[in-house]
Every structure is written in structure tokens, then in C-alpha cells.
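# next come a sequence and a model predicted from it.
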Amino acid sequence: MSQKDLASLTGVAQSTLSDIEHNRYEPKSSIIAAFARALNTTTDELIGTQEVAK
């Protein structure tokens, strides 16, 4: 999924996504939750505190 696609699904600006990807911005929990919903996963799986079921 591209940054443009994720931005469209979450309402988060593409520039913010780029900043997160390059460690220039630490996302708030609400942004992490929006990413998880858009990617059909949990916040725990997204941030790596829970293993993805295989």
C-alpha cells in the first residue's frame, strides 16, 4: 500500500506519513489506531507488541 493510499484511508496527511516513516514524527495513539483499522490489524500487531498469527 502506498503512502497516498494510506493517507486517503486514514485522513492523515501524506507528509505526516513520510515524517513517521523517517522517524521525524512520533504518531499519537489515534493515528496508530487509524492505521490499524485501515490495514485490518490490531494496534498491538502494528507496533510489534503482539505477534501476527500465521
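Arrived safely.
# where does the chain have low pLDDT?
Low-confidence segments of the chain (pLDDT under 70): 50, 52-54.
# ok, now with 90
1, 48-54 (pLDDT under 90).
# and the longest helix for it?
helix 29-38 (DSSP state H).
# residues contacting it, please?
Around helix 29-38, the neighbours that count as contacts under CB atoms under 8 Å, 6 or more residues apart in numbering are 6, 9-12, 16, 20, 27, 42-43, 45-47. Glycine gets a C-beta too; all of them are placed from N, C-alpha and C.
# which of those fall within helices?
Going by DSSP H, the helices hold 6, 9-10, 16, 20, 43, 45-47 from these.
# these into a markdown table, with extra columns for neighbour count and distance to residue 37?
Formatted as a markdown table, these follow (neighbours: other CB atoms under 10 Å; distance: CB to CB, whole Å):
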| residue | neighbour count | distance to residue 37 |
| --- | --- | --- |
| 6 | 16 | 11 |
| 9 | 14 | 8 |
| 10 | 19 | 8 |
| 16 | 16 | 16 |
| 20 | 17 | 16 |
| 43 | 15 | 9 |
| 45 | 14 | 12 |
| 46 | 15 | 10 |
| 47 | 13 | 14 |
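# farthest-apart pair in these, please.
16 and 45 (21.3 Å; CB to CB).
# in this protein, which residue is most central in space?
Centroid-nearest residue in the chain, with CA atoms, centre = their mean: residue 35, separated by 3.4 Å.
# residues contacting residue 39?
Contacts of residue 39 (CB under 8 Å, 6+ apart): 1, 6, 46.
# if anything else comes up later, I'll come back, but that's it for now.
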